[in-house]
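K.L.:
3D model of this:
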Amino acid sequence: MLKKAFLFFVLIVVIVGGLAAAYASQIRMLIAAGESMVPPPESVSTVEAVQQKWRRSVSAVGSVVAVQGVMVSPEIPGKVVSFSFESGECVEAGQVLVELDASTERAQLKSAESSFRLAQISLDRSRELLARDAVAKSDFDAAEAQAQQAEAQVENLRAVLAKKTIRAPFSGRLGIRQVNLGQFVGSGAPIVSIQSIDPVFVDFYVPQQRLASVKEGYEVEVKSDLQTEVLRGSVSAVAAEIDEATRNARVRASLPSPDGILRPGMFVRVRVYEPVEAEVTAIPVTSVVYAPYGNSVFVVEENEAGATIARQRFVRLGEVRGDYVQVLQGVNSGEQIVSNGAFKLRNNAKVKVDNSSNPEIQLDPKPSEA
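P.N.:
The predicted structure follows:
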């Protein structure tokens with residue numbers, strides 16, 4: 001009985017050992033196949049890192065400010081009796097906007113003019129009598145003072161009447177009317193805003209370390225979300241002080257706004273250009289692999305075996321211009337850079353270069369080409 005059990009145990013050990021040997025052989029074959037298998041090269045597009053001349057610039061975001069802009073308000077209270085404008089229309093300087101009720105002032109003016117004429121007649125008579133020594137000098141002085149007071153009263157009422165007619169202080173575009181016909185408005189009550197729309201100012205802030213790159217007269221390019229073309233102007237003023245909280249300096253540019261495309265308060269993107277050009281190394285923006293630990297590009301080279309590979313290099317980037325980005329460190333002019341397909345590469349990966357479908361790279365691309 002023991003002999004049979006022993007033989008059965010030996011048989012089981014032989015079977016299990018054979019299965020283990022066969023399984024180990026299969027694993028060794030798979031490992032050898034994996035080591036001998038070479039992945040196919042990745043298909044990529046390449047471009048040459050080029051040397052270009054760029055004018056140094058400072059970019060910022062700014063706000064459009066009207067050269068002249070006010071809220072039209074009455075100086076004296078009154079009831080609105082007529083309007084001479086529509087909300088949103090353009091008006092000329094001096095154009096009548098609103099008429100306030102001035103019936104009381106007109107009546108007072110007629111009375112004051114009559115008093116002035118009477119005082120003037122009395123003054124002329126006193127002057128004639130004084131010439132013949134028929135009246136005392138004090139009586140003549142009293143008549144003259146009375147005539148001056150009457151004239152001043154007339155001028156005062158005329159000024160009040162003029163203020164009852166509210167006119168546009170300058171040429172510009174009106175906002176939305178804020179009063180209604182028949183409404184009584186007090187002194188300083190808002191009636192309608194008026195803003196000059198061409199030219200305009202653009203205010204923006206520049207860090208103190210870039211302040212040397214922004215001076216009066218430098219060219220400025222401004223672009224908003226409402227326009228496809230940039231508007232060009234120039235720096236008109238740089239603030240004399242630096243904001244202690246932000247360490248930024250306020251800069252103001254002036255530029256034309258054709259058709260009023262730039263409105264006061266609008267958000268715009270600003271770029272200030274220095275007049276001197278500098279040599280830079282530029283590559284396409286699509287070449288850069290952005291990562292939290294550092295940005296990198298892949299440079300196409302040949303290894304010792306003559307295979308085409310892509311080596312990863314970490315780079316330090318500068319300004320972005322159109323489809324290009326400036327490389328401050330990491331790439332030299334003339335090197336072949338992977339422009340499309342860099343996201344699927346690893347360091348020293350074999351690549352196959354195919355530039356048949358490379359898009360055109362431009363410094364100033366148009367939206368239709370972007």
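
K.L.:
rest of the way, CA atoms for contacts and neighbours
P.N.:
Will do.

K.L.:
what ranges do the helices span in this protein?
P.N.:
Residue ranges of the helices in the chain, as given by DSSP state H, are 2-36, 103-131, 137-164.

K.L.:
Next, the angle from the second one to helix 137-164.
P.N.:
Think helix 103-131. Helix 103-131 and helix 137-164 meet at an angle of 160 degrees, taking axes from the mean of the first three to the mean of the last three C-alpha atoms, to 10 degrees as the criterion.

K.L.:
pLDDT of helix 103-131, averaged?
P.N.:
Across helix 103-131, pLDDT averages out at 78.

K.L.:
so what does that helix touch, helix or strand wise?
P.N.:
Using 3 or more C-alpha pairs under 8 Å, 6 or more residues apart in numbering; DSSP states H and E as the contact test, the elements touching helix 103-131 are helix 137-164.

K.L.:
got a markdown table for the helices of the chain, with mean neighbour count and distance to Arg210 too?
P.N.:
As requested, the helices of the chain are arranged in a markdown table below (neighbours: other C-alpha atoms under 10 Å; distance: least, C-alpha to C-alpha, whole Å):
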| stretch | mean neighbour count | distance to Arg210 |
| --- | --- | --- |
| helix 2-36 | 11 | 55 |
| helix 103-131 | 16 | 60 |
| helix 137-164 | 17 | 49 |
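
K.L.:
nearest to Val179, of these?
P.N.:
Ranking the helices of the chain by distance to Val179, with C-alpha to C-alpha as the measure, places helix 137-164 first at 15.1 Å.

K.L.:
now for the closest one, which elements pack on it?
P.N.:
Here helix 137-164 is seen to pack against helix 103-131 when contacts are counted using 3+ C-alpha pairs under 8 Å, 6+ apart.

K.L.:
So what's the gap between the helix it packs on and the chain middle?
P.N.:
Averaged C-alpha coordinates place helix 103-131 at 62 Å from its chain's average position (C-alpha atoms, centre = their mean, to the nearest Å).

K.L.:
The helices of the chain: which one's closest to Val272?
P.N.:
Evaluated over the helices of the chain, closeness to Val272 peaks at helix 137-164, with 44.5 Å, by C-alpha to C-alpha.

K.L.:
residues in contact with Ser196?
P.N.:
Under the criterion of C-alpha atoms under 8 Å, 6 or more residues apart in numbering, the contact partners of Ser196 comprise 66-69, 170-173.

K.L.:
if I look at it, how far off is Phe83?
P.N.:
Summarising the geometry, the distance separating Ser196 from Phe83, computed by C-alpha to C-alpha, to the nearest Å, is 21 Å.

K.L.:
Identify whichever of the helices of the chain lies nearest to Val285.
P.N.:
Smallest distance to Val285 across these (C-alpha to C-alpha): 36.6 Å, for helix 2-36.

K.L.:
If you average the pLDDT over that closest one, what comes out?
P.N.:
When the per-residue pLDDT values of helix 2-36 are averaged, the result is 68.

K.L.:
Just the buried residues out of the contacts of Ser196, in ChimeraX syntax.
P.N.:
In ChimeraX syntax, the buried subset of the contacts of Ser196 is picked out as below (16 or more other C-alpha atoms under 10 Å):
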select :66,68,69,170,171,172,173
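
K.L.:
Now for the chain, the helix or strand with the poorest mean pLDDT.
P.N.:
Ranking every helix and strand in the chain by mean pLDDT, DSSP states H and E puts helix 2-36 at the bottom, with a mean of 68.

K.L.:
Make CSV from the helices of the chain and add distance to Gln209 to it.
P.N.:
Formatted as CSV, these follow (distance: least, C-alpha to C-alpha, whole Å):
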stretch, distance to Gln209
helix 2-36, 55
helix 103-131, 61
helix 137-164, 51
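
K.L.:
can you pull the contacts of the most centrally placed residue in the chain?
P.N.:
Among the residues of the chain, the smallest C-alpha distance to the mean C-alpha position (C-alpha atoms, centre = their mean) belongs to Val268, namely 1.7 Å. Val268 makes contact with 61-64, 222-225, according to C-alpha under 8 Å, 6+ apart.

K.L.:
Quick check: chain neighbours aside, which residue is closest to it?
P.N.:
Using C-alpha to C-alpha, 6 or more residues apart in numbering and skipping the chain neighbours, the partner closest in space to Val268 is Ser224 (4.6 Å).

K.L.:
so what's the one you found up against?
P.N.:
Residues in contact with Ser224, defined by C-alpha under 8 Å, 6+ apart, are 262, 266-269.
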